[in-house]
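Chemist: Curious how this folds, go ahead:
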Amino acid sequence: MTLRVKLNLLFVTLLFMTNSLIAYLLIEKQKEILSNNIIQQAEVISSLISQDAIKLIVLNDPDSATDISDKLSNISSLAKIVLYDTNDKAIFKLQNQRHHGETRLITKNSPLLYKGSELGSVELFFSHEEFYEATSALVQFLFQILLVALLLTGVFALFIDRHFSKRLSDLNDALKTTADQQDYSIRLPVAGSDEIGEAYQHFNELVTNTEKLTNKLQDQAIHDNLTGLYNRLYIGSKLNQLIASNTAEQTHALCYFDLDKFKIINDTFGHPVGDRLLIGLSVQLKNVTQTIEGAILARIGGDEFALLMTDISQESLSDTLEQVKENVRNFSLDHQGQQFSVGISVGAVLFKAPHTDMHTLFSAADTACYHAKNRGGNSISIFGIDSPELQSEKAIINWVLRIRSAIVQHNLLVYLQPIVHNNQALDQKPSYEALIRLKENGELIPPLDFIPTLERFQMMPEIDFYMINEVAQCLQNSPEFLDDVEHISINLSGITLAEPDAAQNILSILENAKIPLNKICFEITETTAVSNLKEAKIFIEQLSEKGCVFSLDDFGTGMASFEYLYTLPLNYLKIDGSFIKSIDKDPVKYEMVKAMKVIADLMKLETIAEYVENQEIINKLDEIGIDYHQGYFYSQPKPIADVMND
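Modeler: Prediction:
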């Protein structure tokens, strides 16, 4: 007897034993299914008769017994049912005559519950023979199948062994290895033109194509589609690896780049031009960084890039970033004869590993970039991760986030302070200046704590329009108060004056609220007016034509020349408080205010003195003839709602 025959006989024996085992398992499975079926039937029957059974136990209702009999009469597998009360006394029995005399019964007992209380139980008896008839039939059928399978196995054993078993096993092993280990280097030898041979060939093609696609997807997952640079995911993973390493003797740097004025080009000339500009600038950045060992350059946002450098000194970092700035400055994009160029703001943070988490480093680099951008752009700011300067910058930027949140939640409050005529005997309506306060956690924060930060981050237009909206809504809701007011003064920043549609947007707000425009006075600081003389003149003229009045605020603090007073169509001069608060003690300040009054009278402008805090100051102002007073002597600023309700 040859080894091949022995192997085939062994195969047949194993197959027979396997089939026998399968048959046994199927029988056991059938028993399990039948057992579960009995349990399910018991649950269904208990649920079906529970209400009637409870009535029978509690109320001794004979109709309930009849209902139970009717409901169970068609359940052929049920041999008998017995109901017990809480004392385990049988109060109802029902025998299925079909199974009368059977001794092998399957018993299931279930409690009868009502609102969580057990009122009795039901005992169900199922026919053993009926449930196991199916099992006997299955056993007979399986033995017949086994005999047939044994005969067929002997016939096909050799053929299967020779032509299919080994080849299919090889294919299965290859598929399993590929799936488990993601190994796409496996190739099967193509032999034969049958289906298995074709399957070998298709497998080889599949793993080849999958390998190419996987490599492509892996590459796309870590690269920016537009520029080809690495993306945030990749540089973030490398940064995590670096900060987890033990390189405490080395200094590393994370840099954050933000392109200056890119958004203007992108919005004005379209995204295709913006994309070309980004691609060109990416090349310039890469030209600098690709010569640095271990440097990773990534595009992490629209016009934002990040650079990670390891084991670098602050001097080398500064030289590299200067080269980056120079390359960007020298680059320009030609589009239809126009040359487009941008600047770059660079923020960098130096750190050692292990140190902190990735998000803290990115936040610090972003803060440094904010600092560079607010120095006028096209500049570089480098901080140590633990430096006090960086922490100070973070606190400043936190003000921006707090104010943005306050705008959304309407926690920026409007306060009013009266502007009083020097002759209170005159029957003249009062005026008020609208002042801003920030409310946080029940505490009022004065504007001097946050306005400088907002000016630095060019957020004043948001604040100005917020105040105009808030004042307009309050006045719209209180027409009686509006009738009794000469005007409400609202401060405007220089950045707002330079906004292209600022005047039109202000008019829209006031007209939509149905506010008479002569009830609104806009205060513009002298420094703002002088610095933006052309824009200020256009802005004032547009609103003056509609009826708004204007006051030049902080007058006297920035006057290098009075010539601009001829240019601007003003109504009031508000003399800066630095001249007023010591006018009763300082004769020089007295004479300066007196000179301002003379100039105002010649130009037919009314004067307002702020910081009026005592009677002595009022006496001096009256001697000069200042028209209006404003200060704590008359009233501290109060919430606009309180003023309206007085």
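Chemist: can you give me the helices for the stretch 101-250 of the chain?
Modeler: 128-160, 166-181, 195-222, 232-244 (DSSP state H, counting those that start in this stretch).
Chemist: Report the buried residues of the last one.
Modeler: What that stands for is helix 232-244. 232, 234, 235, 236, 238, 239, 242, 243 (16 or more other Cβ atoms under 10 Å). Where you see a C-beta, it was placed from the backbone N, CA and C, and this is true even at glycine.
Chemist: Repeat that for stretch 478-497.
Modeler: 478, 481-482, 485-497.
Chemist: go on, stretch 448-465?
Modeler: Here stretch 448-465 shows 450-451, 453-454, 456-457, 459-465 as buried, counting by 16+ other Cβ under 10 Å.
Chemist: What segments of the stretch 301-450 of the chain are helices?
Modeler: 314-330, 358-373, 388-409.
Chemist: Around residue 147, how many other residues sit close by?
Modeler: Around residue 147 there are 10 other residues, counting by other Cβ atoms under 10 Å.
Chemist: Pipe the buried residues of helix 232-244 into TSV and attach distance to residue 377 per row.
Modeler: Compiled in TSV, those are given as follows (distance: Cβ to Cβ, whole Å):
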residue	distance to residue 377
232	23
234	28
235	24
236	26
238	28
239	26
242	29
243	30
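Chemist: And those, which is closest to residue 85?
Modeler: Residue 85 lies nearest to residue 236 out of those, by Cβ to Cβ, at 71.0 Å.
Chemist: Next, work out how far apart that closest one and residue 346 are.
Modeler: Here the criterion is Cβ to Cβ, to the nearest Å. By it, residue 236 lies 19 Å from residue 346.
Chemist: Just say which of the helices of the stretch 301-450 of the chain is most tucked in.
Modeler: Most buried of the helices of the stretch 301-450 of the chain by mean neighbour count (mean count of other Cβ atoms under 10 Å) is helix 358-373; its value is a mean of 21.
Chemist: Tell me which other helices or strands it touches.
Modeler: Here helix 358-373 touches helix 232-244, strand 252-260, strand 343-351, strand 380-384, helix 388-409, going by 3 or more Cβ pairs under 8 Å, 6 or more residues apart in numbering; DSSP states H and E.
Chemist: what is the orientation angle of the third one with helix 388-409?
Modeler: Put plainly, it is strand 343-351. With axes from the mean of the first three to the mean of the last three Cα atoms, to 10 degrees defining the directions, strand 343-351 sits at 120 degrees from helix 388-409.
Chemist: and strand 343-351, which strands flank it?
Modeler: strand 252-260 (antiparallel), strand 380-384 (parallel) (DSSP bridges).
Chemist: angle of it against helix 314-330?
Modeler: 160 degrees.
Chemist: One more: the first one?
Modeler: Put simply, helix 232-244 runs at 170 degrees to helix 314-330, going by the same axes, to 10 degrees.
Chemist: before we move on, what about the longest one?
Modeler: Our comparison of helix 388-409 with helix 314-330, counting by the same axes, to 10 degrees, yields an angle of 50 degrees.
Chemist: what's helix 388-409 packed up against?
Modeler: helix 358-373, strand 380-384, strand 431-440, helix 451-456, helix 460-476.
Chemist: May I see those organised as TSV, with mean pLDDT and distance to residue 260 added?
Modeler: What follows is these, written out as TSV (pLDDT from 0 to 100; distance: least, Cβ to Cβ, whole Å):
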stretch	mean pLDDT	distance to residue 260
helix 358-373	88	7
strand 380-384	92	12
strand 431-440	94	30
helix 451-456	82	16
helix 460-476	94	19
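Chemist: Out of these, which is closest to residue 518?
Modeler: Using Cβ to Cβ, these put strand 431-440 closest to residue 518, at 11.8 Å.
Chemist: Residue 413 and residue 449, how far apart?
Modeler: Taking Cβ to Cβ, one finds residue 413 at 14 Å from residue 449.
Chemist: go on, residue 88?
Modeler: From residue 88 across to residue 449, the span is 81 Å (Cβ to Cβ).
Chemist: coming back round to it: rank the helices of the stretch 101-250 of the chain by mean pLDDT and give me the bottom one.
Modeler: With a mean of 65, helix 128-160 has the lowest mean pLDDT of these.
Chemist: hmm, back to that, distance to residue 228 and mean neighbour count for the strands paired with strand 343-351 - can I get that in CSV?
Modeler: Shown next, in CSV, are the strands paired with strand 343-351 (distance: least, Cβ to Cβ, whole Å; neighbours: other Cβ atoms under 10 Å):
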stretch, distance to residue 228, mean neighbour count
strand 252-260, 16, 24
strand 380-384, 25, 21
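Chemist: between these, which gets nearest to residue 551?
Modeler: Set against residue 551 and scored by Cβ to Cβ, the strands paired with strand 343-351 come closest in strand 252-260, at 35.2 Å.
Chemist: quick one: contacts for residue 42?
Modeler: Residues in contact with residue 42 (Cβ atoms under 8 Å, 6 or more residues apart in numbering) are 108, 110, 124, 126.
Chemist: Now the two most distant members of the residues you listed.
Modeler: 110 and 126 (12.8 Å).
Chemist: who has more neighbours, those two?
Modeler: Neighbour totals were compared for residue 110 and residue 126, and residue 126 leads with 22 against 16 (other Cβ under 10 Å).
Chemist: For residue 203, see how far away the closest residue in space to that one that isn't next to it in sequence is.
Modeler: Nearest residue to residue 126 in three dimensions, chain neighbours excluded: residue 106, at 4.3 Å (Cβ to Cβ, 6 or more residues apart in numbering). According to Cβ to Cβ, residue 106 and residue 203 sit 53 Å apart.
Chemist: Ok, residue 434 next?
Modeler: With Cβ to Cβ as the criterion, residue 434 and residue 203 are 78 Å apart.
Chemist: neighbour-wise, which of those two wins?
Modeler: The neighbour comparison of residue 434 against residue 203 (other Cβ under 10 Å) goes to residue 434, with 22 against 19.
Chemist: so what's that one up against?
Modeler: Applying Cβ under 8 Å, 6+ apart to residue 434 gives the contacts 414, 415, 416, 467, 471, 488, 489, 490, 491, 640.
Chemist: Same check on residue 352?
Modeler: For residue 352, the contacting residues are 247, 248, 249, 250, 251, 252, by Cβ under 8 Å, 6+ apart.
Chemist: top of those residues by neighbour count?
Modeler: Neighbour count (other Cβ under 10 Å) singles out residue 252 as the most crowded of the contacts of residue 352, with 24 neighbours.
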